[in-house]
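Novice: sequence and predicted structure are below.
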Number of protein chains: 2
Amino acid sequence: MSHDHRTTRAQQDGAKFRPLTVDRVRLEGFFGPRIDTICATTARTLFDRCIEAGMLDQIDPERPNPGLVIPFQHHNTVTTQMFWDSDFGKSIETAAYALNRHRDPELEALCDQVVDAYARLQQEDGYLNSWYIRIEPGRRWTNLRDRHELYNAGHLIEGAVAYYHATGKRRLLDILCRYADLIDRTFGPGEAQMRGYPGHPELELALVKLGRATGEPRYLELARFFVDERGRQPCWFDIEAEARGETPDQFHFGTLEYCQAHQPVREQTRVVGHAVRAAYLYAGMADVATEFADDSLSAPLNTLWSHLVDRNLYITGGFGPSAANEGLTFDYDLPNASAYAETCASVALVFWASRMLGRGADAAYADIMEQALYNNALAGLSLDGTHFFYDNPLESRGDHHRWKWHHCPCCPPNISRLVASVGAYVYGVADEAIAVHLYNAGTAHAEVAGQSVTLTQRTDYPFDGRVALRVEPTERVRFTLSLRVPGWSAGATLTLNGAPVEAESRAGYLHLTREWAAGDELVLEIDLSPRRVLAHPKVTVDQGRTALMYGPLVYCLEEVDNGADLNSLVLPDSATLTPRAIEQPAAMMALTAPALRESTDSEALYRITPPARQPVTLTAIPYYAWDHREPGAMLTWIRREGQS
Amino acid sequence: MSHDHRTTRAQQDGAKFRPLTVDRVRLEGFFGPRIDTICATTARTLFDRCIEAGMLDQIDPERPNPGLVIPFQHHNTVTTQMFWDSDFGKSIETAAYALNRHRDPELEALCDQVVDAYARLQQEDGYLNSWYIRIEPGRRWTNLRDRHELYNAGHLIEGAVAYYHATGKRRLLDILCRYADLIDRTFGPGEAQMRGYPGHPELELALVKLGRATGEPRYLELARFFVDERGRQPCWFDIEAEARGETPDQFHFGTLEYCQAHQPVREQTRVVGHAVRAAYLYAGMADVATEFADDSLSAPLNTLWSHLVDRNLYITGGFGPSAANEGLTFDYDLPNASAYAETCASVALVFWASRMLGRGADAAYADIMEQALYNNALAGLSLDGTHFFYDNPLESRGDHHRWKWHHCPCCPPNISRLVASVGAYVYGVADEAIAVHLYNAGTAHAEVAGQSVTLTQRTDYPFDGRVALRVEPTERVRFTLSLRVPGWSAGATLTLNGAPVEAESRAGYLHLTREWAAGDELVLEIDLSPRRVLAHPKVTVDQGRTALMYGPLVYCLEEVDNGADLNSLVLPDSATLTPRAIEQPAAMMALTAPALRESTDSEALYRITPPARQPVTLTAIPYYAWDHREPGAMLTWIRREGQS
């Protein structure tokens, strides 16, 4: 169902596709109302809940020191209090994206309140970590493996870059540049430097953002250092453990695979360990590959990508089935009811996939980016923007609901910042090329081949397959425009100004290289027919079952539409799937199909006579929208019947 | 597939059916060779491994005190070292049953060595617990909830009773009677007594055994006290926790449901908590109900029974799906690959079911006793008697194998003592009645209506449905002989001395009340046709799948017979199941059927086109015999296809 990325590589020599910053893209259509909700509700809510949780008390040195508020877990390895900075970083980032769309003075004042606290907190030499400054002073840089120290720096940097782009205010950016400069002086290959790197990757991709925003090459170089150094022997995490008086084998999570430091990154072939760490790392690797045109990272990245998408990815674009390590287990282990599939992991996969497009448009990556975005990730944020999934099972007996908050509050601001910034994932821009990766109504402004170009999409995608794309350069200009044809589509047609047009088809994109003039309009018609998806026979739990998809959307059954005992429903292979517009839980397309319901009239746990069946109509809704009506059971992989 | 025990009750007013002691029954046929293996190998092996683990060092006061050898688990709640006495108790019990069959002087000397150590260990007042005497002195009776103190007493008592029956030696029995007398003085309703009871039930049923063996009614009364007192408010476990300076809510397992002390037993309606504790408790309750003809226990026992067998029992007769509490979770939660289904839990279920027959023959109980015995329990012991399953998944990807021993070695001696004593479960004897619950070639001696009666079964059951039962009283004598007709059987015929005979059919048994004479021979022909079993629609993971059974045996697919990717096999509902004699892994009946194998030629994790299918022959072997050949995958619930 996806382009075969093993045979078709779209890498363009020397090409560097970079995303547009969020302030350059305004979305309406499918994502517009979701972003409006973040502006009106979620962005503010994130601050409120961070502050309710006491986070400002730790960050603001003018407030009494709260001490340890959240007990340590995992044999004194970690407390979520250690990454409160990251929660603020992501909350500021979310707010910044919201401010692009709607300059809300109250929200901006909230951000400035936190910025002020960080300004007061920052130490003379630029150091900025509220845990180590106030709760565990004197211990900085002693436990990069467990303590999220550099991870926090990354999130604060991302927040600072976003806030700068949104408001033009440099204060937080300058604070974080000073901190980044300290990190740059501290870590590196020099005699007086430490050869450490983040235990929880994230800073790598943040440094690339900072480098792009400031034009400072040192930040890109530092990102490259962290990538290159990771997993080299002797392992930094063992060295620092011994310096703390611990032995490396006391590591709570048992193996350095947990934090992807078991091997140098160029030797890694399997996606292992903590899922969010993994995808953040690979995203940073892909960023470094783009910025330095470093082809030595391409092969390992492609191998890791294949290991994920060919063996370990839920149909919803989630991954990491196990709660024990919040990550990977063994190939094809994709349990449904107990799926961990953390929201943050699919957010991180969107990051990784988008950065795999840096060296050239390839639908193998964009298809998965879209799949993770519209399904596992988007489910993480309630339609009203107030509640959040942490883990994302594909089946529920009715006891799984979004949280108002979470004891480990990483997911709420993470999915919020992704949705608020989704415009940045629509286009990739290189020197003389623009790639259109996602389809959503809206307007974007790009610079290409020395000209400003306005791109306007009109479409009801993902519920309708017609996309009209208007191209308006300030002056006529020659560049390549590449339009993705999703791998799941049975076909697509393209017209330019009303007439069929020849386009080069390569790696799942239609490429048109020509001189573009104001008013040029492309119309792409993507076949959106609903389809059944089957899982590889090694995915034991999905055998004899099918998942329903419509465009990029995975569908699921809910008890409120289909009654209880969703596993008593059987969908014949021959049954027609019909899209139908619905208004609840919001305006969207459902799928209906004639099906059979097995009788549940027997009390016996086991029986010999198959239960009677009667015809019913099955109704499936998009997975992202589940758990918004009556609490009840949910099922993604539906029993099928019928010879192939 | 089973008798409906909700409508048919077989309780006979005042009847008290008790098992024959093991020395009265000699089995050949199916179980004979298994018991021979225990005599030749396992009984000795258990002692060797207990001693290798250092247990004798703790028990024998002449040896240097080993101190804490096995670290505490579960926040200092428990170490397996606390129940080393139970391991010896069960090992002595197993050896005793073996000595009934073959008086092996070396094995007996091993037992006597342990008996000597216990004689030296016992304190002046009769107290006998090696943990509290040697490792944690001065703390006796302070933590009945967590420390397995009374549980150990139970297992030592069971061992002592068995050793007495096997050898006639009273020494260990006398030691344990002195200890039981101390317990009886210590616990009870009196002013100076403690109102405690076992945190891990087991002593209740052991005291009934001791009472029956010695004729001492105080032991039965004490069992009744423990049953009656359990779960009463204020809860003893809370009282003793506070006396230790702890709060009740510090209990590691969170809820007193874990040890079935959340309510008085007569108010309990759901099987909850730790599975082994639960079934041992209910077995003790059923024993008390029998000995005291206590009908107030019948209703709760029947409700608990129904909750187990109608909602929480694996087809293999295992229960307790979760490793976290080694027990129950929520109704219909019966995952296959991650099934905990501890061997000890199904052993305990055999105990419970057998004791539910105390008030009268009812195939609702005997069918489940047989199902647990032949499947989940028997799988726990390797065919060569040297390796043991602790948990019993119904599906494996090839990484689940029997242990030589286990860090928590409760299961090896438990399944061994069950198999070595399985003769005791064949018959139930009341004043003027004998019930035949199980079929297996062999000879038994019973006292009924004042006469000695020899019962001889000739049969190849469970692989053949014909059972010839010869009845030989010393003199002609009138009594009721009741023969079970398994609920899974499509039918059965009965002849007496070659001629059809009228028998009263009630609660799944054929009852013949007549004057029996030497040489009378009954022939029961049970229909053993292979059958497909389907699970209730609420058992989500089994939907679209079928389990294969033949007589009481559940079958499974192994990779060695069927190739890899067992979930790519599909069994049409119309395919004929054919029994076929095989010699590997041992002489038994396999089932074969024409089936379809789906192609695994695609690398893609998800696809739209159903895979091609080709015809294959599927071979299933009894579940108890799996994991004896090439290590590989195993599957019990097989994909089915075909409209009902």
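Specialist: Good, I have the coordinates. Residues are numbered from 1 along each chain as shown, chains lettered A, B, ... in the order given.
Novice: part of a helix, is A:Ala119?
Specialist: Yes: with DSSP: H, G, I helix; E, B strand; the rest coil as the criterion, A:Ala119 is part of a helix.
Novice: which residues touch it?
Specialist: A:171, A:175 (CB atoms under 8 Å, 6 or more residues apart in numbering or on different chains). Glycine gets a C-beta too; all of them are placed from N, C-alpha and C.
Novice: redo that, cut-off 10 Å
Specialist: A:112, A:128, A:171-172, A:174-175 (CB atoms under 10 Å, 6 or more residues apart in numbering or on different chains).
Novice: check these and tell me the two furthest apart.
Specialist: For the contacts of A:Ala119, the farthest-apart pair by CB to CB is A:Asp112 and A:Leu128; their separation is 16.7 Å.
Novice: so which elements touch the host helix or strand of A:Ala348?
Specialist: Here A:Ala348, judged by DSSP states H and E, is contained in helix A:343-356. Packing partners of helix A:343-356 (3 or more CB pairs under 10 Å, 6 or more residues apart in numbering or on different chains; DSSP states H and E): strand A:18-19, helix A:203-214, helix A:275-291, helix A:298-311, helix A:363-372, helix A:378-379, helix A:411-420.
Novice: skipping its backbone neighbours, what lies nearest whichever residue of the stretch 201-350 of chain A sits closest to chain B in space?
Specialist: Sorted by distance to chain B under CB to the nearest CB, the residues of the stretch 201-350 of chain A start with A:Asp310, at 5.2 Å. Excluding its sequence neighbours, the residue lying closest to A:Asp310 (CB to CB, 6 or more residues apart in numbering or on different chains) is B:Leu605, at 5.2 Å.
Novice: quick one: that neighbour and A:Gln371 touch, right?
Specialist: No: between B:Leu605 and A:Gln371 there is no contact under CB atoms under 10 Å: 11.5 Å.
Novice: so which of those two has more stuff around it?
Specialist: Neighbour count, other CB atoms under 10 Å in any protein chain shown: between B:Leu605 and A:Gln371, A:Gln371 has more, with 32 against 23.
Novice: residues contacting that one?
Specialist: Going by CB under 10 Å, 6+ apart, A:Gln371 touches A:1-2, A:309, A:313-318, A:346, A:349-350, A:353, A:377, A:486-488, A:549, A:552-554, B:606.
Novice: of the residues you listed, just the buried ones, PyMOL syntax please.
Specialist: Only the buried entries of the contacts of A:Gln371 go into this PyMOL selection, using 16 or more other CB atoms under 10 Å in any protein chain shown:
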select buried, (chain A and resi 1+2+309+313+314+315+316+317+318+346+349+350+353+377+486+487+488+549+552+553+554) or (chain B and resi 606)
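Novice: now, the contacts of A:Gln371 that are in strands?
Specialist: A:549, A:553-554, B:606 (DSSP state E).
Novice: which pair in those residues spans the largest distance?
Specialist: Farthest apart among the ones in strands among the contacts of A:Gln371 by CB to CB are A:Leu553 and B:Tyr606. That separation is 14.2 Å.
Novice: enumerate the residues of the stretch 301-450 of chain A near chain B.
Specialist: The interface of the stretch 301-450 of chain A toward chain B, taken as CB under 10 Å from any CB of the partner chain, is made up of A:306, A:308-315, A:330-338, A:371, A:395, A:397, A:399.
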